[in-house]
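*Asks:* Below are the sequence and a predicted model for it; my questions follow.
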Amino acid sequence: MSPIIIEARNIVTYFGENLIHDNISCTIREHEIYAFLGGSGSGKSTLLREMIMLEKPSSGTIQIFANDISHLSLVEAQELRKKWGVLFQSGALYSSLTVGENISLLYEEYTDLPENLIRELIKLKIDLVGLPQHAIHLYPSELSGGMVKRASLSRALALDPKLLFLDEPTSGLDPLSSRQFDALIQQLRDLLGLTVVMVTHDLGTIHHIVDRFLLLGEKKAIAEGTLNEVLAINHPIIDYFFQRKTHGIKS
Amino acid sequence: MQSSSSATLEIVNGVSKTIFKCGGAWTLNYLRDIALTLEAYPAASSITWDISDITELDSAGVALWHLYYRRFENMGFFSEIIGGKEEYLQLYNLLYSHPQKDVPIPKDTGWLFRLGKEAYLSLQGISIFLKFLGEAFTVLLYSLRHPRIIRYRSISSHIITAGFDALPIIAVSAFLIGVVVAFQSIVQLQKFGADILIVDMIGISLTRELAPLITAIVIAGRSGSAFTAQIGAMKMTQEIDAMKTMGFHPHLFLVWPRVIALMIVLPLLIFFADLVGIFGGMVIASTQSHLSYIEFINRLQGALPIKHFIIGIVKGPFFAILIAMTGTYRGFQVSANTESIGQYTTKSVVTSIFLVIACDALFSILLTELKI
C-alpha cells in the first residue's frame, strides 16, 4: 500500500456551542483522489479548512506528511504550506493582479529563479490548465467562472506541490466543463504524482475520478472507502445521498 | 521531496558536439545556478543533453531545459536528449502539448488617447450622475404621492447612525475650532484693547461659516464614506440585483432614506456645533481675557443678529443632499472587484468635501451680493 499522506484522528469541532464534527477520522494515501462528501452544513469544508490550517479542531490530531499540524513552529508551518496548493471555491484570485501576476507572486516570494524562466513557467501553467495564453494579462474580473477556476488551479500548481486541496472544484461549471475539469485533475494526478483532496457534491466527479471518499452526516463519519465499498453498506444517509432506487448512481 | 542533492550540470566539450551532463534534482529550488550557467553559455556546436543522472524532475526543470533548447536551436545548434525516462517524457508531453507562443502585453496607449479617454469618461460621468439624480427624483415624486411606501423605519435608523452617533466627534471638533479661533483672534484684539469684540468674532464666524463647514466635513468623512461602502458591498454581493428582481427600488430603499435622514440631522448637528463651538470660545475668553461667561452671553445677545445663525442652519440640508447623494451614487458605481470599493469610497469623500466647500463659496457670494 502506498504511504499515508494525511491522517486525521478523532476530530471534534465546536463552533461556539455548535457541534460540527463528532469524532471523525480518515486516512489519505499517496496518489489518491480523495473526497469529502456530505450534505450542506455537514462540515466537510470545515474539515478541509482544518487540514490547511485555516481553522483549528477543538480536539483530535491531523498529521500531514508525518507532521502533526497543531504542533508546528512558524518555519515548519511555512515549509508545509509550500508543499500544497489550494483551490478555493470562488477562486480567490487576487483581484488587483492579473492572472500571470497571481502566479508569478509565488515564484517571486519563494524561489530565486531568473525572470525568463519564471515567464516560461507561467506560460506552462496557464497552458497546463487549458487557459488560452492571452489570459495571462487579464484581470480576474475579466474572466468567466470556468476560467477563474482554471486560473486558480494554475496558481495552486505553481510551486509543483505534491498535495492539492480542492474546495468544490466543479461547482458553478456546466456538466461538460465539469467533466473536462475532472479529466484534468486526473491527468495531473497521474503525471505529476499528486495527491488530491477535495470537497465535492458532484456525483459525476465521485463516479469518474474519486478513488476513495469519506461520507459525512449527522456530524459523524458515516462511511469511508471506494464507491463500491460504500454502496454495499446499508444506511439511510448513503441511500439518500446517492439517490439509490431513484435516478442516482447504480452500484 | 526526499532528495537533498541539488541539481548539477557538467559541460563536456567534444570535437563536434558538446555534452551537457545533467544530474541531481532538477526542481524549483535548485535551478538558479544552472539557469545562470546556461544563460552565460556561448553555444558553438550541437548539444547532447545527457539526463540519465537526474533523480527528480518537475515542471520548472522541464521549462528550463526547453527554454534553452529553443534558444540554442534558434542559434542554429540542434540538441538531442539521451537517457530520458518514460515519466520525464510524459511530463514533457503534458507541459508542451501545444506550441508555446508569446502573447504581447497589451500596449500602453499614447498620452493623447488617454487624455481624450479621461475627458470623455468625465463627461460621461456627469451624464450618469444626472441620470442617477433623475431616477432618484422620479422615485421621490412617486413616493410623495404614495407616502405609505416611504421607508420611515430606515430613515430613523440612519438618523441614529449618521446623526446621534456622530455627536461626540462633532462636539470635539467644534469645541476645538471655537478654541482655535478665540485664541488666534484674542491676541490680535488685545493689541487694540478691543477684547470684548471676541464675542462678535466667535459668534458670527462660528454660526455663519465655521460650524456648518466643519460639521459637513466631518459628516462627509464619516457618513458619506459609510454610505458608499455599504451600498458598494451590497452591489458586489448582488444584493442590489436581488432587490431589483423583488421589485424593491434601490433608490427608495437605499438612497432616499439616507438622504432624508442626513437632511434632517445635519441642521441639528450644526446647531449643536454652534453651541459647543461658542462654548469653546467662551472658555478661552474667560481664561485669556477675564471675560466672564455672563458678560460673554450678554454681549452675544446684542452682537449676533439671528440672520447669521439662520444662514448657518439653512446650509445644512444643502450640504446634506450633496454628501448623501455623492455617497450613495459612488456606492452604485462599485464593480465586481474588491479594489473598487476602496477606490470609490475615497472618491466619494473627496468629491463630497469638494462639493460642500464649493457650495459654501456659492452661498457666500450669493448672500453678499444680496446684502444679507
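*Replies:* Nice, I can see it. Residues are numbered from 1 along each chain as shown, chains lettered A, B, ... in the order given.

*Asks:* okay, residue 144: pLDDT?
*Replies:* Defaulting to chain A. At A:Ser144, the pLDDT value in this model is 86.

*Asks:* ah, no, chain B please
*Replies:* Per-residue confidence at B:Leu144 stands at 90 (pLDDT).

*Asks:* Show me what the host helix or strand of it is packed against.
*Replies:* For B:Leu144, the enclosing helix or strand under DSSP states H and E is helix B:111-145. Contacts of helix B:111-145 with other secondary structure elements, assessed using 3 or more Cβ pairs under 8 Å, 6 or more residues apart in numbering or on different chains; DSSP states H and E, are made with helix B:256-289, helix B:306-333. Where C-beta positions appear, they are placed from N, C-alpha and C, glycine not excepted.

*Asks:* buried ones in that helix?
*Replies:* Within helix B:111-145, the residues that qualify as buried by neighbour count (16 or more other Cβ atoms under 10 Å in any protein chain shown) are B:129, B:132, B:136, B:139-140, B:143.

*Asks:* ok and it relative to helix B:256-289, angle-wise?
*Replies:* Taking axes from the mean of the first three to the mean of the last three Cα atoms, to 10 degrees, one finds helix B:111-145 and helix B:256-289 inclined to each other by 100 degrees.

*Asks:* circling back: let's have the buried residues of helix B:111-145 in TSV, adding distance to B:Ser154.
*Replies:* Listed next are those as TSV, based on distance: Cβ to Cβ, whole Å:
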residue	distance to B:Ser154
B:Phe129	23
B:Phe132	19
B:Ala136	15
B:Val139	14
B:Leu140	15
B:Ser143	12
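
*Asks:* how about those residues, which pair is most distant?
*Replies:* Using Cβ to Cβ, the two most remote members of these are B:Phe129 and B:Ser143, lying 20.9 Å apart.

*Asks:* how many degrees apart are the helix holding B:Leu144 and helix B:306-333 in direction?
*Replies:* Angular relation of helix B:111-145 and helix B:306-333 on a 0 to 180 degree scale: 110 degrees, by the same axes, to 10 degrees.

*Asks:* Could you tell me how many residues sit around residue 235?
*Replies:* Just so you know, I chose chain A. By other Cβ atoms under 10 Å in any protein chain shown, the residues close to A:His235 number 13.

*Asks:* please go with chain B instead
*Replies:* Neighbours of B:Lys235 under the rule other Cβ under 10 Å: 21.

*Asks:* right, and it touches B:Phe332 too?
*Replies:* Yes: in this structure B:Lys235 lies within contact range of B:Phe332 using Cβ atoms under 8 Å: 6.5 Å.

*Asks:* Neighbours of B:Val12, how many?
*Replies:* For B:Val12, the tally of surrounding residues (other Cβ under 10 Å) stands at 11.

*Asks:* ok, now how distant is it from B:Ser6?
*Replies:* For B:Val12, the distance to B:Ser6 (Cβ to Cβ, to the nearest Å) stands at 20 Å.

*Asks:* try B:Ile126
*Replies:* Between B:Ile126 and B:Ser6 the computed distance is 62 Å (Cβ to Cβ).

*Asks:* again, but for A:Ile233
*Replies:* When Cβ to Cβ is applied, the distance between A:Ile233 and B:Ser6 equals 50 Å.

*Asks:* So which of those two has more stuff around it?
*Replies:* Each of A:Ile233 and B:Ser6 had its neighbours counted (other Cβ under 10 Å), and the higher figure belongs to B:Ser6 (16 against 13).

*Asks:* Surely the more buried one is in a helix?
*Replies:* No: B:Ser6 sits outside any helix when classified using DSSP: H, G, I helix; E, B strand; the rest coil, being coil.

*Asks:* Tell me the confidence at it?
*Replies:* 80.

*Asks:* and it, what is it in contact with?
*Replies:* The neighbours of B:Ser6, taking Cβ atoms under 8 Å, 6 or more residues apart in numbering or on different chains as the test, are B:24-25, B:30.

*Asks:* how many other residues sit next to residue 110?
*Replies:* You didn't pick a chain, so chain A it is. Tallying neighbours of A:Tyr110 according to other Cβ under 10 Å, which is how burial is gauged here, yields 15.

*Asks:* meant chain B actually
*Replies:* One way to gauge burial is a neighbour count; for B:Gly110, by other Cβ under 10 Å, it gives 9.

*Asks:* Roughly how far does it sit from B:Leu123?
*Replies:* The span separating B:Gly110 from B:Leu123 equals 20 Å under the rule Cβ to Cβ.

*Asks:* Over to B:Asn93?
*Replies:* Using Cβ to Cβ, B:Asn93 is found at 55 Å from B:Leu123.

*Asks:* rewinding a little: of all the helices and strands packed on helix B:111-145, which one is nearest chain A?
*Replies:* Between chain A and the helices and strands packed on helix B:111-145, the shortest separation by Cβ to the nearest Cβ is 14.3 Å, and it involves helix B:306-333.

*Asks:* Any part of the closest one near chain A?
*Replies:* No: counting by Cβ under 8 Å from any Cβ of the partner chain, chain A is not contacted by helix B:306-333; separation bottoms out at 14.3 Å.

*Asks:* Now do the strands in the stretch 51-200 of chain A.
*Replies:* Defined through DSSP state E, counting those that start in this stretch, the strands belonging to the stretch 51-200 of chain A, from first to last, are A:59-64, A:67-68, A:84-87, A:163-167, A:195-199.

*Asks:* hmm, back to that, with distance to chain A and neighbour count as new columns, can the contacts of B:Ser6 be given to me in a markdown table?
*Replies:* Written out in a markdown table, the entries for the contacts of B:Ser6 read as follows (distance: Cβ to the nearest Cβ, whole Å; neighbours: other Cβ atoms under 10 Å in any protein chain shown):
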| residue | distance to chain A | neighbour count |
| --- | --- | --- |
| B:Gly24 | 16 | 18 |
| B:Ala25 | 11 | 22 |
| B:Tyr30 | 10 | 20 |
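
*Asks:* hang on, the earlier thing: need the helices and strands packed on helix B:111-145 in TSV (columns: mean neighbour count and mean pLDDT).
*Replies:* Written out in TSV, the entries for these read as follows (neighbours: other Cβ atoms under 10 Å in any protein chain shown; pLDDT from 0 to 100):
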stretch	mean neighbour count	mean pLDDT
helix B:256-289	22	95
helix B:306-333	22	95
